[in-house]
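Task: produce atomic coordinates for the following.
(one chain, ligands or ions: 2)
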Amino acid sequence: MISVKELTAGYTPGIDILNGIDLEVGRAEIVTLLGPNGCGKSTLLKCIAGYLFPRQGQIYLEGDDVGRTPVHLKVRHCALGFVPQTENVFAALSVRENLLIGGQFLHPRACQERLQQLCELYPVLARKLDAAAASLSGGERQILALGRALMPSPRTLLLDEPSAGLSPKVLAEVFEAIEHTRRKEVVAILMVEQNAMEALGISDRAYVLAQGQVALTGPARQLLEDPRMRELYLGDRAA
Ligand SMILES: Nc1ncnc2c1ncn2[C@@H]1O[C@H](COP(=O)(O)OP(=O)(O)OP(=O)(O)O)[C@@H](O)[C@H]1O
Ligand SMILES: [Mg+2]
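Ligands and ions are numbered 1, 2, ... in the order given. All right, here's what the predicted structure looks like:
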């Protein structure tokens, strides 16, 4: 469960990238974050994850005020999983090694059991356990990144563009894996996406950011039909 209140944040002194964001993600909900390039989507995920601290406002995970808790402590103590936009797997390591790194804070036996569980959840990982991550296809790599983040059984999962660069068929497979995750694991998922239509298709709700603020929010189905979506975000694609 994520709750963000009036969040302001930025990198350079005096320049706010996020400017008063309010956002909620409930248990077992999939919520998509949309918006044009550079509007602050990854920055918001980085703030929730703890790579960047708020200038103002609060971030709660499952009711705890964690605005100033760094990412490594959130992963270890706040049941947070984070899949960044780029470099989300260790390319030189095998699939198994990547998963084991995800489970590094677990007891070794629990880690092995969880690895087995995730191999059952995502058979593609089981088939490629000893392959180097570098040899995986784009879709397989995204599923490995998801699997790695899921190793410690997070209750909050942040995904930054899990379908980036994937063909429509593979994109559908990755989204199916995400939906599957929501069904099998009780986890609140906040996902940044550029493939708006497809992402809304598997989401409960969405937020559209523009210039560091929430420009539009509502149930995914409703947003799919909202003409303001076209204006704000879909542009020519929906024309
Ligand atoms: N480490 C950084 N230092 C300084 N400025 C940054 C840093 N990371 C991002 N920014 C700036 O913050 C703004 C928002 O970037 P962010 O990565 O959050 O956008 P985004 O919505 O995720 O875009 P995209 O869709 O292209 O991934 C941009 O103007 C970017 O240049
Ligand atoms: Mg981004």
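
in which helix or strand would I find the residue of the chain found nearest ligand 2?
Here the residue of the chain nearest ligand 2 is residue 42; by CB to the ion that distance is 3.1 Å. Any C-beta I mention is one placed from the backbone N, CA and C, and that applies to glycine too. Element membership for residue 42 (DSSP states H and E) is helix 41-49.

Centre of the chain to that helix, how far?
Counting by CA atoms, centre = their mean, to the nearest Å, helix 41-49 is centred 10 Å from the centre of its parent chain.

What is the subsequent helix or strand relative to it?
Heading C-terminal from helix 41-49 (DSSP H and E), you reach strand 56-61.

so after that next one, what's the next helix or strand?
strand 64-65.

Sheet-wise, list the partners of that next one with their directions.
According to DSSP bridges, strand 64-65 has the following sheet partners: strand 56-61 (antiparallel).

got the buried residues for the strand it pairs with?
For strand 56-61, the neighbour count (16 or more other CB atoms under 10 Å) marks 57, 59, 60, 61 as buried.

show me the residues around residue 57 that make contact.
Residues near residue 57 by CB atoms under 8 Å, 6 or more residues apart in numbering: 4, 5, 6, 7, 8, 9, 20, 21, 67.

so, if you compare the residues you listed, which one comes nearest to ligand 1?
Nearest to ligand 1 among those, counting by CB to the nearest ligand atom, is residue 9 at 9.7 Å.

surely that closest one meets residue 43?
Yes: between residue 9 and residue 43 a contact is recorded at 6.5 Å, counting by CB atoms under 8 Å.

Need the residues touching each of the two.
In contact with both residue 9 and residue 43: 17, 18, 52, using CB under 8 Å, 6+ apart.

where does the helix or strand of the chain with the lowest mean pLDDT sit relative to the chain's centre, distance-wise?
None of the helices or strands of the chain scores lower by mean pLDDT, DSSP states H and E than helix 227-229, at a mean of 83. Relative to the centre of its chain, helix 227-229 is centred 24 Å away, using CA atoms, centre = their mean.
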